[in-house]
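Engineer: prediction below, plus the sequence it came from.
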Amino acid sequence: MRSRDIGLTAVFTALYALLTVALGNLSYSWIQVRVSDALLPLSYLYGLPAVIGVTVGCIVANFFSPVGVIDVIFGSIANLVASLLSWKLAFKKKTLACIYPVLVVSAVVPLYLAWFFGVPYWLVLLSVFVGEFISCVLLGYPLLAALEKYKKK
């Protein structure tokens, strides 16, 4: 990895962890809007440094989660898969880069949150889906579009 890539990885790690922990009430419940997940689609633009950064940032942030080690492991795996898909399978389509994280995180996270909080799975699925849609599409897409314009210059 080049030093620029290492720096980008550190920035993504710090941003993800800071946003998640600082917005704790929004980030750590079965009803959640994890604002930091707006960074997941940025893997489309920044590649491997973003993938590694949001994954490591999720590991760090989830140590503060009330769900504990389950969230550290499975939440981080969900972020890894989601950001890899945004990077490798978006096929030059920003919309796909934003949709993949919504689908992946909404498929994985409710499985353990429903069990941990004792809430019906479908309710957690709906909640996580809406939260991820807000984070990745409503926040992530404009962020991705703005940074893409800036990066081209």
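Structural biologist: Ah, there it is.

Engineer: list the residues that contact the spatially most central residue of the chain.
Structural biologist: In the chain, the centroid-proximal residue (C-alpha atoms, centre = their mean) is Asp37; its distance is 3.2 Å. Neighbouring residues of Asp37 by C-beta atoms under 8 Å, 6 or more residues apart in numbering: 79, 101, 105, 132, 135-136, 140. Using the backbone N, CA and C atoms, a C-beta is placed for each residue, glycine as well.

Engineer: chain neighbours aside, what residue packs nearest to Val11?
Structural biologist: Spatial nearest neighbour of Val11, chain neighbours left out: Gly53 (6.8 Å); criterion: C-beta to C-beta, 6 or more residues apart in numbering.

Engineer: pretty sure Ala78 sits against Ser106.
Structural biologist: No: here Ala78 does not reach Ser106: they are 9.1 Å apart, not a contact under C-beta atoms under 8 Å.

Engineer: what's the burial count for Leu48?
Structural biologist: 15 (other C-beta atoms under 10 Å).

Engineer: and it, what does it touch?
Structural biologist: 1, 5, 87.

Engineer: as CSV, these with secondary structure would be great.
Structural biologist: Shown next, in CSV, are those (DSSP: H, G, I helix; E, B strand; the rest coil):
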residue, secondary structure
Met1, coil
Asp5, helix
Trp87, helix
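
Engineer: mind listing the helices for this structure?
Structural biologist: 3-22, 24-27, 43-46, 48-62, 69-70, 76-88, 94-117, 121-132, 140-152 (DSSP state H).

Engineer: tell me the confidence at the residue nearest to the centre of the chain?
Structural biologist: On the pLDDT scale, Asp37 is placed at 98.

Engineer: and if you look at the one 5 residues further on?
Structural biologist: With respect to pLDDT, Leu42 scores 98.

Engineer: from Ala90, how far off is it?
Structural biologist: As judged by C-beta to C-beta, to the nearest Å, Leu42 and Ala90 stand 11 Å apart.

Engineer: which one's more surrounded, these two?
Structural biologist: Neighbours per residue (other C-beta under 10 Å) separate Leu42 from Ala90, with Leu42 holding more: 27 against 20.

Engineer: with adjacent residues omitted, what lies nearest to that one?
Structural biologist: Ala50 is the one closest to Leu42 (C-beta to C-beta, 6+ apart), at 4.9 Å.

Engineer: contact partners for Ile31?
Structural biologist: 127, 131.

Engineer: pop out the phi and psi values for it.
Structural biologist: phi -110, psi 110 (degrees, to the nearest 10).
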